[in-house]
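> Pasted the sequence and its predicted model underneath.
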Amino acid sequence: CIGYLTIPVFLAGKIEVFVKKLGSKGGAGTTGIIAIAAVIGCYAYVDAPYLIALNAGTVAMIVGFLAMLILQSIQVKFKQEWLNAWGMIIAMFVGMGAAKVRDLFKQANEKAPCIVFIDEIDAIGKKRDGQMAGGNDEREQTLNQLLTEMDGFEGNNGVIILAATNRPESLDPALTRPGRFDRRVPVELPDLEGREAILKVHAKKVQLSDDVDFHTIARMASGASGAELANIVNEAALRAVRDNREVVTEADLEESIEVVIAGYQKKNAVLSDQEKKVVAYHEIGHALVAAMQTHSAPVQKITIIPRTSGALGYTMQVEQGDKYLLTKQELENKIATFTGGRAAEEVVFGEITTGASNDIEQATKIARAMITRYGMSDDFDMVAMETVTNQYLGGDASLACSADTQNEIDRKVVELVKREHEKAKKILLDNRQKLDELSNYLYEKETITGDEFMAILNGEAKKETNTETKIESGAEKKEADADEQTI
């Protein structure tokens with residue numbers, strides 16, 4: 001009994017200090033009343049014959065109940081609203097997730113036949129490991145309940161379960177075994193035919209002019225998802241409304257693709273004449289290097305109008321169709337094209353700018369992939385030096401080799417980019433007259449099409465020929481149709 005009496009006395013002292021901190025008058029008197037009530041309550045409980053053998057759980061319940069009464073008394077005295085967070089804290093550990101899963105499948109069985117779709121299932125279906133607290137983790141309890149409901153021993157009850165995730169490698173093996181989620185359907189980005197069909201579906205909601213060619217728009221929108229294609233159609237409709245037109249033209253759709261790729265035009269951005277000239281030579285450098293090489297995608301458009309993404313200009317190349325294999329020569333040509341902008345600055349102005357930051361990043365990425373993933377190095381041959389994880393979330397790459405090998409990889413990447421950079425410089429020096437002519441034309445017009453570019457270039461340019469077209473088996477990689485070199 002003496003032990004139980006110390007509980008309310010201790011709480012009374014703490015409450016008195018708390019009340020005094022709140023600046024209440026007569027706090028000690030109120031605390032005394034609360035303490036006396038608590039003591040009487042403890043006497044009543046302890047004096048009862050059937051509560052002589054109180055266990056620790058009962059004592060904890062009494063103390064918690066008394067604390068709640070005390071807090072309620074404080075709330076009444078100071079007329080302040082307070083939040084009871086105990087229920088929410090306890091809910092984290094009482095299996096609410098598992099209960100919701102049981103309720104979900106109960107409703108599904110009642111409404112059968114039906115389809116249950118679970119989006120982002122990796123949130124509850126991650127692999128179980130030793131870091132969880134002995135099976136008491138709420139997420140593990142939810143996963144266990146889901147596994148129990150999907151045990152696979154019941155007959156056909158008319159309930160089909162579908163789930164979606166962009167991290168399939170992180171799912172628990174018990175979740176993907178035969179009898180549960182045993183059929184996997186990868187949803188890749190649409191190909192050329194798929195993009196054209198998706199564009200036609202979304203274009204039914206808007207009025208189109210007769211000149212719209214969905215095949216051309218689909219080629220320009222290479223690598224776009226279904227949601228991005230819907231956004232392209234919506235942006236085209238908004239552009240038509242801003243121009244007080246009732247129909248959407250092909251130019252609207254082309255501009256909307258550029259909006260998705262590089263952002264809106266920054267009409268208030270004013271470049272100095274020198275900066276505008278540098279950007280013009282930079283972009284023509286990209287286009288000219290691409291045009292002078294074989295196995296390069298044709299140039300679709302060149303512009304030096306700044307965009308909200310930070311690009312001061314860009315060169316758009318568009319493949320005629322989908323490509324699923326790239327040769328070593330094609331990848332090297334891509335690197336040379338990316339370095340063409342910086343090479344033009346060096347050839348014409350003898351000075352370099354910060355405009356090639358994105359080009360440097362893209363060229364380095366391709367060069368490193370050629371050596372570490374595609375086996376396009378004579379020294380390393382067909383040895384994988386890099387592994388890719390989270391392929392549906394951008395593909396994070398990590399090296400799987402020693403420190404000495406990493407240094408050798410870095411050296412070979414630098415050599416490859418340098419070699420293609422010198423190649424781009426040579427192409428521009430050999431065609432310096434066309435470089436100046438095209439750059440001046442772009443400087444005046446600000447935006448030119450691929451047809452205009454080729455019309456000026458045809459006739460006098462010396463075209464480089466490449467004889468090596470051997471397909472490397474390690475180059476199995478689905479690349480986008482359109483490449484944008486941004487400054």
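Happy to help now that I have it.

> tell me the SS of residue 448?
The three-state assignment at residue 448 reads strand, by DSSP: H, G, I helix; E, B strand; the rest coil.

> Go ahead and confirm it touches residue 442.
Yes. Using C-beta atoms under 8 Å, residue 448 is in contact with residue 442, at 5.7 Å. The C-beta positions use only the backbone N, C-alpha and C, and glycine is treated the same way.

> mind listing the helices for the stretch 301-450 of the chain?
Secondary structure of the stretch 301-450 of the chain (DSSP state H, counting those that start in this stretch): helices at 328-349, 357-372, 403-430, 432-445, 450-457.

> of residue 448 and residue 442, who's got more company?
Legend: neighbour count by other C-beta atoms under 10 Å for residue 448 and residue 442, higher for residue 442 (26 against 22).

> which residues sit in contact with the more buried one?
For residue 442, the contacting residues are 280, 283-284, 302, 304, 448, by C-beta atoms under 8 Å, 6 or more residues apart in numbering.

> closest one to residue 185 among the helices of the stretch 301-450 of the chain?
Closest approach to residue 185 among the helices of the stretch 301-450 of the chain (C-beta to C-beta): helix 357-372, 27.5 Å.

> Now do the buried residues in that closest one.
Of the residues in helix 357-372, 358-359, 362-364, 366-372 count as buried by neighbour count, 16 or more other C-beta atoms under 10 Å.

> got it, and stretch 413-425?
413, 416-417, 420-421, 423-425.

> Same question for stretch 257-268.
Buried, per 16+ other C-beta under 10 Å, within stretch 257-268: 257-259, 261-262, 265-266.

> go on, stretch 156-174?
159, 161, 163, 165, 167-168, 171-172.

> And for stretch 232-248?
Buried-residue list, stretch 232-248, by 16+ other C-beta under 10 Å: 232-233, 235-237, 239-240, 248.

> Same check on stretch 307-319?
By neighbour count, with 16+ other C-beta under 10 Å as the criterion, the buried positions of stretch 307-319 are 307, 311-319.

> before we move on, the earlier item: take the contacts of residue 442 and write them to TSV, including pLDDT and distance to residue 98.
Below are the contacts of residue 442 laid out as TSV (pLDDT from 0 to 100; distance: C-beta to C-beta, whole Å):
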residue	pLDDT	distance to residue 98
280	94	64
283	93	59
284	94	64
302	91	59
304	90	60
448	91	63
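
> Looking at neighbours, which among those is most surrounded?
Highest count within those by other C-beta under 10 Å belongs to residue 284, 34 neighbours.

> Please, which helix or strand holds that residue?
In this assignment (DSSP states H and E), residue 284 forms part of helix 273-291.

> Show me what that helix is packed up against.
Taking 3 or more C-beta pairs under 8 Å, 6 or more residues apart in numbering; DSSP states H and E as contact, the helices and strands that helix 273-291 lies on are strand 299-303, strand 314-318, helix 328-349, helix 403-430, helix 432-445, helix 450-457.

> ok, residues contacting the last one?
In this case it means helix 450-457. The contact list for helix 450-457 (C-beta under 8 Å, 6+ apart) reads 287-288, 291, 298-302, 434, 437-438, 441, 445.

> What is the neighbour count of the nearest residue to residue 212 once chain neighbours are set aside?
Once flanking residues are discounted, residue 212 sits nearest to residue 250: 4.8 Å by C-beta to C-beta, 6 or more residues apart in numbering. Residues within reach of residue 250, counting by other C-beta under 10 Å, total 17.

> so what's the backbone phi/psi at residue 250?
Per-residue torsions, residue 250: phi -70, psi -30 (degrees, to the nearest 10).

> go on, residue 116?
The phi/psi pair for residue 116 (degrees, to the nearest 10) is phi -100, psi 120.

> does it really touch residue 158, like I thought?
No. At 11.1 Å, residue 116 does not count as touching residue 158 under the criterion of C-beta under 8 Å.

> just to revisit the earlier point, which member of the buried residues of stretch 156-174 is positioned nearest residue 192?
The closest of the buried residues of stretch 156-174, once distances to residue 192 are taken by C-beta to C-beta, is residue 168, at 26.0 Å.

> For the closest residue in space to the closest one that isn't next to it in sequence, what is the enclosing helix or strand?
Nearest residue to residue 168, sequence neighbours excluded (C-beta to C-beta, 6+ apart): residue 184, at 6.8 Å. Residue 184 is part of no helix or strand when elements are defined by DSSP H and E.

> State the pLDDT value of residue 184.
At residue 184, the predicted lDDT confidence score is 86.

> can you count the residues close to it?
Neighbour number of residue 184 under other C-beta under 10 Å is 8.

> residues in contact with residue 372?
So residue 372 contacts 380, 384-386, 397, 399, 409 (C-beta under 8 Å, 6+ apart).

> which of those residues are buried?
Of those, these count as buried by 16+ other C-beta under 10 Å: 380, 385-386, 397, 409.

> quick one, phi psi at residue 110?
Per degrees, to the nearest 10, the backbone of residue 110 is at phi -70, psi -30.

> Equivalent analysis for the one 10 residues further on, please.
For residue 120, the backbone dihedrals (degrees, to the nearest 10) come out as phi 50, psi 50.

> Leaving out chain neighbours, which residue sits closest to it?
Closest to residue 120 by C-beta to C-beta, 6+ apart is residue 165, at 6.2 Å.

> do residue 373 as well
Nearest one to residue 373, counting by C-beta to C-beta, 6+ apart, is residue 386 at 5.3 Å.

> per-residue pLDDT, the residue nearest to residue 120?
88.

> contacting residues around it?
Contacts of residue 165 by C-beta under 8 Å, 6+ apart are 120-122, 125, 171.

> Could you check how far the residue lying closest to residue 334 once chain neighbours are set aside is from residue 327?
Ranked by C-beta to C-beta, 6+ apart and with sequence neighbours excluded, the top spatial neighbour of residue 334 is residue 366, at 5.8 Å. Distance, residue 366 to residue 327, by C-beta to C-beta, to the nearest Å: 13 Å.

> what's the answer for residue 430, then?
Distance from residue 430 to residue 327, by C-beta to C-beta: 24 Å.

> From the neighbour counts alone, determine which of those two ranks first.
The neighbour count for residue 430 versus residue 327, taken as other C-beta under 10 Å, is higher for residue 327 (17 against 14).

> Which pLDDT does the model give that one?
pLDDT at residue 327 comes out at 91.

> For it, give its distance to residue 278.
33 Å.

> count of neighbours near the nearest residue to residue 167 once chain neighbours are set aside?
Counting by C-beta to C-beta, 6+ apart, residue 167 lies nearest to residue 122, which is 4.6 Å off, once chain neighbours are set aside. Counted with other C-beta under 10 Å, residues neighbouring residue 122 total 18.

> isn't residue 122 right up against residue 172?
No. Using C-beta under 8 Å, residue 122 is not in contact with residue 172; the gap is 9.6 Å.

> For the helix or strand residue 102 falls within, list the C-alpha coordinates in PDB.
Using DSSP H and E, residue 102 sits in helix 96-110. Provided in PDB are the C-alpha atoms of helix 96-110 (Å, rounded to 0.1, in the frame of the first residue of the first chain):
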ATOM      1  CA  MET A  96      -4.100  -1.500 -38.100                       C
ATOM      2  CA  GLY A  97      -2.500  -2.200 -41.500                       C
ATOM      3  CA  ALA A  98      -3.200  -6.000 -41.100                       C
ATOM      4  CA  ALA A  99      -6.800  -5.200 -40.000                       C
ATOM      5  CA  LYS A 100      -7.300  -3.100 -43.100                       C
ATOM      6  CA  VAL A 101      -6.000  -5.900 -45.300                       C
ATOM      7  CA  ARG A 102      -8.400  -8.300 -43.700                       C
ATOM      8  CA  ASP A 103     -11.300  -5.900 -44.200                       C
ATOM      9  CA  LEU A 104     -10.200  -5.300 -47.800                       C
ATOM     10  CA  PHE A 105     -10.300  -9.000 -48.700                       C
ATOM     11  CA  LYS A 106     -13.500  -9.500 -46.700                       C
ATOM     12  CA  GLN A 107     -15.200  -6.900 -48.800                       C
ATOM     13  CA  ALA A 108     -13.700  -8.300 -52.000                       C
ATOM     14  CA  ASN A 109     -15.100 -11.800 -51.200                       C
ATOM     15  CA  GLU A 110     -18.500 -10.300 -50.500                       C
END
